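Colleague: Quick one, what's the 3D model for this:
(one chain, ligands or ions: 1)
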Amino acid sequence: MKLVLASKNPKKLIELNEILSSLGVEVCSEADAGVDVEVEETGTTFEENSLLKAKAVMEASGLPAVADDSGLCVDALNGAPGVYSARYGGPGLDDTGRYRLLLENLRGQGRTARFVSVVTCCFPKGDVISARGECPGMIAFAPMGEGGFGYDPVFLIPSLKKTFAQLSAEEKNAISHRGKALAAFAEKLAAYLNDHQE
Ligand code: IMP
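Modeller: This is a model prediction of the structure:
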């Protein structure tokens, strides 16, 4: 079976193919499917936004489509920045500006947080499969590490005494929200394909 990835990120395409190839699933890019879809992420939950993206690409391509949506939820900020993680502080900020703002806003507050990722697949027949992964941690007092992206330098895993930016890609994938969501999604997709053999 062929799935279209609702994303322009080539790293996500490689990652998803690695995880799903053993199920006989081939994941192709929007360009491979001949579509170029811009979706406004107007939802207020990760579930809504991943569904919006997957549905739009499924409708444009006529093929099953998969999308993910993720972000950082800080308890002391009532779950913010959450679905607005990429837009936190407005369009003038880069990744470093966003995590600096977060450190600023968290002065004197509790530091518990979690990364969340939701992966959703929409089928042309109307079926939807969705899986959620979470990774609990703490917001560090200062950035540490050079790897990763986004909020990785300030996201601390207390048991490892390291931030996400201090882990190798393999170490991060083994515990990350996205790694967990993709593993849960692969399991659900395998069960779905088993039930829908023609
Ligand atoms: P998207 O779901 O790929 O659009 O990601 C949303 C935003 O959440 C990113 O731009 C990052 O700011 C943040 N984010 C999601 N996952 C991670 C991660 O694994 N590390 C650091 N930041 C992340």
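Colleague: Give me the helices and strands touching the longest helix seen in the chain, please.
Modeller: Using DSSP state H, we find that the single longest helix of the chain is helix 177-195. Other helices and strands packing on helix 177-195, by 3 or more CB pairs under 8 Å, 6 or more residues apart in numbering; DSSP states H and E, are helix 10-20, strand 65-74, strand 112-122, strand 128-139. Heads up, the C-betas are built off the backbone N, CA and C, glycines and all.
Colleague: Quick one: closest of the ones you listed to the ligand.
Modeller: When the helices and strands packed on helix 177-195 are ranked by distance to the ligand, counting by CB to the nearest ligand atom, first place goes to strand 65-74 at 3.8 Å.
Colleague: List of residues touching the next helix or strand after the closest one?
Modeller: Later in the chain than strand 65-74, the nearest helix or strand by DSSP states H and E is helix 95-105. With CB atoms under 8 Å, 6 or more residues apart in numbering as the test, helix 95-105 has contacts from 72, 74, 77, 81, 85, 88-89, 93, 139, 141-143, 149-151, 153-154.
Colleague: Pull out the buried positions in helix 95-105.
Modeller: 98-99, 102, 105 (16 or more other CB atoms under 10 Å).
Colleague: ok, that helix near the ligand or not?
Modeller: No. Applying CB under 6 Å from any ligand atom, one finds helix 95-105 out of contact with the ligand, separated by at least 6.5 Å.
Colleague: Can I get that helix in CSV? Just the C-alpha atoms.
Modeller: The C-alpha trace of helix 95-105 is given here as CSV (Å, rounded to 0.1, in the frame of the first residue of the first chain):
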residue,chain,number,x,y,z
ASP,A,95,14.2,28.5,17.6
THR,A,96,16.7,30.1,20.0
GLY,A,97,14.4,33.2,20.5
ARG,A,98,11.5,30.9,21.3
TYR,A,99,13.3,28.8,23.9
ARG,A,100,14.8,32.0,25.4
LEU,A,101,11.3,33.4,25.7
LEU,A,102,10.1,30.2,27.3
LEU,A,103,12.9,30.4,29.9
GLU,A,104,12.0,34.0,30.6
ASN,A,105,8.3,33.2,31.0
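Colleague: how many degrees apart are that helix and strand 112-122 in direction?
Modeller: Put simply, helix 95-105 runs at 130 degrees to strand 112-122, going by axes from the mean of the first three to the mean of the last three CA atoms, to 10 degrees.
Colleague: ok now helix 95-105, how far from the chain's centre?
Modeller: Distance of helix 95-105 from its chain centroid, counting by CA atoms, centre = their mean, to the nearest Å, is 20 Å.
Colleague: for stretch 76-89, same thing?
Modeller: 14 Å.
Colleague: Check stretch 59-75 too.
Modeller: With CA atoms, centre = their mean, you get 7 Å for stretch 59-75.
Colleague: Good, we can wrap up now.
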